[in-house]
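Asker: Below is the sequence, then the predicted model.
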Amino acid sequence: MTPSTGYDLAARDYDKKEKYLDSFEKNRLAPLLGDVADKRILDVGAGTGRLALRLEKLGARVTALDVSEKMLAELKKKYKKIVTVVGDAEILPFADRTFDIVLAAFLIVHLKDPARFFDEAYRVLKDGGRLVVTNINQKEPPAIATGEGTIKIESFYHRPAKIRQTLEALAFAIEAEELVKEGDAWVNQIIVARK
Ligand SMILES: C[S@@+](CC[C@H](N)C(=O)[O-])C[C@H]1O[C@@H](n2cnc3c(N)ncnc32)[C@H](O)[C@@H]1O
């Protein structure tokens, strides 16, 4: 199932996953973002706003973009004033050099070719701006229970080294990289790349 159809179906119950998603970050994402006060942040694949809302509370000016209208509608229910845009990560509807930070948490698992999104992120970042991406170690899409039955949303596995190389090939400078682990296995790659 495509992400827009799948996440529209999953939207109503999605906030129940907040702690589960947090567990893949183990509090290591926020310190990498640094002081976000007054920063213009584009949260791509923002979903129901798990991170977008925290960043707004810290004084950032967040734009939340997602292909799923229903996920963004859930976000709006929690905070009416947040700026939301229904759109595709691969064709960002913003002018060149608009944002200080582009954030994409648990997004690229849904992109067959993340380079297309990275290229767009580069374009909409200000010079010196940062792209912050998380890459979950997921080989098979999980079954998600929805009011309409159990669904699986199309997803793709990306090797951490390949993500790093792809960013570097697009002229990003890798500023930080962390592999979050459970025991010996990596569960999530967090990468910060500067334009
Ligand atoms: C696993 S959720 C993560 C939500 C949020 N970033 C978080 O960390 O809680 C992935 C989100 O990416 C969105 N998404 C998937 N493909 C997308 C695309 N091509 N463009 C924009 N959003 C997309 C989905 O609709 C969904 O809301």
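Answerer: Cool, got the structure.
Asker: Confirm Tyr14 sits in a strand?
Answerer: No - counting by DSSP: H, G, I helix; E, B strand; the rest coil, Tyr14 is not part of a strand but helix.
Asker: can you pull the contacts of it?
Answerer: Contacts of Tyr14 were listed using CB atoms under 8 Å, 6 or more residues apart in numbering, and they are Tyr7, Gly47, Thr48, Met71, Glu74. Quick note: C-beta positions are derived from backbone N, CA and C, even for glycine.
Asker: So the second one: helix, strand or coil?
Answerer: Just to be clear, that refers to Gly47. Per three-state DSSP, Gly47 ends up coil.
Asker: And it, how close does it get to Glu168?
Answerer: Separation of Gly47 from Glu168 (CB to CB, to the nearest Å): 28 Å.
Asker: Settle it for me: which of those two has more neighbours?
Answerer: Taking neighbours as other CB atoms under 10 Å, Gly47 and Glu168 compare with Gly47 leading, 26 against 12.
Asker: For that one, which non-adjacent residue is spatially closest?
Answerer: Met71 (4.8 Å; CB to CB, 6 or more residues apart in numbering).
Asker: Let me see the mean pLDDT of whichever strand or helix holds the one you found.
Answerer: Using DSSP states H and E, Met71 sits within helix 69-78. Helix 69-78 carries an average pLDDT of 98.
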